[in-house]
Every structure is written in structure tokens, then in C-alpha cells.
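**Student:** just a sequence and a predicted model for now, questions to come.
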Amino acid sequence: MKLPHPIPYQGSKRLLAPAILGFARGREVRTLYEPFAGSAAFTIAAASERLATRYVIGDSLEPLVSIWTDIIGEHATLSAAYERVWSGQKAGDDGYFARVRDRYNGLHGAADLLYLLARCGKNSPRWNREGHFNQGVDRRRLGMNPARMNREIAMARELLHGRAIAVCGDFEATVAPAGPSDLVYMDPPYEG
């Protein structure tokens, strides 16, 4: 089965997840914590193998956690909002991406962030010191088509709904409830 990948993110462990999972297979895991989730590629891979009973997707970026909350819960709303943002692109309108980026930097909307992640250069998000998204547009492509995005979101929801939660916060607080029968997968962000 092809695993869903609704959040395109450079540095995602989507391709490495099966190898990493090899270290955890055969263990009884109550809860899997991924406190630096990003695209949650490891959690998705683990859920596809039913590695744990519960999954905690954590990140310190609140709009990213909102995306995951929507995917796990009310995914149709996120899919529809993404389609509206994506469909606003018009041929020759080179400023559309920048306008969505400006709106996101002011309002922090989940669908705007999902569009920016899908359309930014090399799927490599960047933020400045003030916390504003500042990566430029990838002019070679339009980002993930809404029909495909909807399928990716629906498949991720099917794996995670009723078994996962998304939490926003510091990684230490996210993993604080972990006990001996839990697994914490940490792939922390890299510094400069």
C-alpha cells in the first residue's frame, strides 16, 4: 500500500521510515510520540503497520498542528479550504503566492500553510527570525492538485482517526506523559 503524504516537506522521513521502523517492530508499543512531526511521515508509516495503539503528533508550529488536527478530525473542511486557495492561482499571476504568504504570516491559516508547503521552492519551508514564512515560490509547478491532496488527506485520516491526536508545544512537554511501554521518535529540527 502506498502511504499517504499530504504534507510535502523537505527532510521528511517518508522514504527512510520503513528502515527506522525495523528497530521498533515486534515490540508492544502503547503510544508512539513524534514531537518534531513536520509531515509526520514516521507516524504514518507506523500507523500503517499498527505499531502502536495511540499516536501523538507534536510540533511547535501551531498552524502545522492545526493541519494535523484537521486531517485527523474534520478533514473535508481542510480539503475544501486547500482547494479554494490552490484554485485562486491564475496563469501569469506571479504575485499570488506572495499574497497567500502575506495572508498566512498575518492570520496563520492552516490551508494557507498547506498551500505554501505544497508550492514553495523544493518543498523546503523557511521562516525568518520573526516567525514569518519567507520561502519563495517554485515556478516550475503549481503544488499538489486538490483532488490528489484530498486523497492524501483522506488516506492519512483513515490511518489516524480515532487513534491519534495532534498537540502543539515544546517537545519536552509533548513527551512528558511517555512511559516504559511507549516509543518516542525524535527527529529534531536541524540548526543552520
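**Tutor:** Yes, it's here.

**Student:** ok now the longest helix belonging to the chain, how far from the chain's centre?
**Tutor:** Secondary structure of the chain read by DSSP state H shows that its longest helix is helix 146-160. Its chain's C-alpha centre and that of helix 146-160 lie 12 Å apart, by CA atoms, centre = their mean, to the nearest Å.

**Student:** check which helices and strands it sits against.
**Tutor:** When contacts are defined as 3 or more CB pairs under 8 Å, 6 or more residues apart in numbering; DSSP states H and E, helix 146-160 packs onto helix 41-48, helix 62-72, helix 75-87. To be clear about C-beta, it is placed using only N, CA and C from the backbone, and glycine gets the same treatment.

**Student:** nearest to residue 140, out of those helices?
**Tutor:** helix 75-87 (15.9 Å; CB to CB).

**Student:** list the buried residues for whatever helix or strand comes next after that closest one?
**Tutor:** As assigned by DSSP states H and E, the chain's next helix or strand after helix 75-87 is helix 96-107. Neighbour-count burial for helix 96-107, with 16 or more other CB atoms under 10 Å as criterion, is recorded at 96-97, 100-101, 104-105.

**Student:** and stretch 77-96, by the same measure?
**Tutor:** Buried residues in stretch 77-96 (16+ other CB under 10 Å): 78-79, 81-83, 85-86, 96.

**Student:** quick one: low-confidence ranges for this protein?
**Tutor:** Low-confidence segments of the chain (pLDDT under 70): 1, 11-12, 188-192.

**Student:** quick one, longest strand in it?
**Tutor:** strand 52-59 (DSSP state E).

**Student:** elements contacting that one?
**Tutor:** With 3+ CB pairs under 8 Å, 6+ apart as the test, strand 52-59 has strand 29-34, helix 41-48, helix 62-72, strand 164-168, helix 171-175 packed against it.

**Student:** quick one: residues contacting the closest residue to residue 17 other than its chain neighbours.
**Tutor:** Distance criterion CB to CB, 6 or more residues apart in numbering; nearest residue to residue 17, sequence neighbours excluded, is residue 45 at 3.5 Å. Counting by CB atoms under 8 Å, 6 or more residues apart in numbering, residue 45 touches 3, 13-14, 17-18, 20-21.
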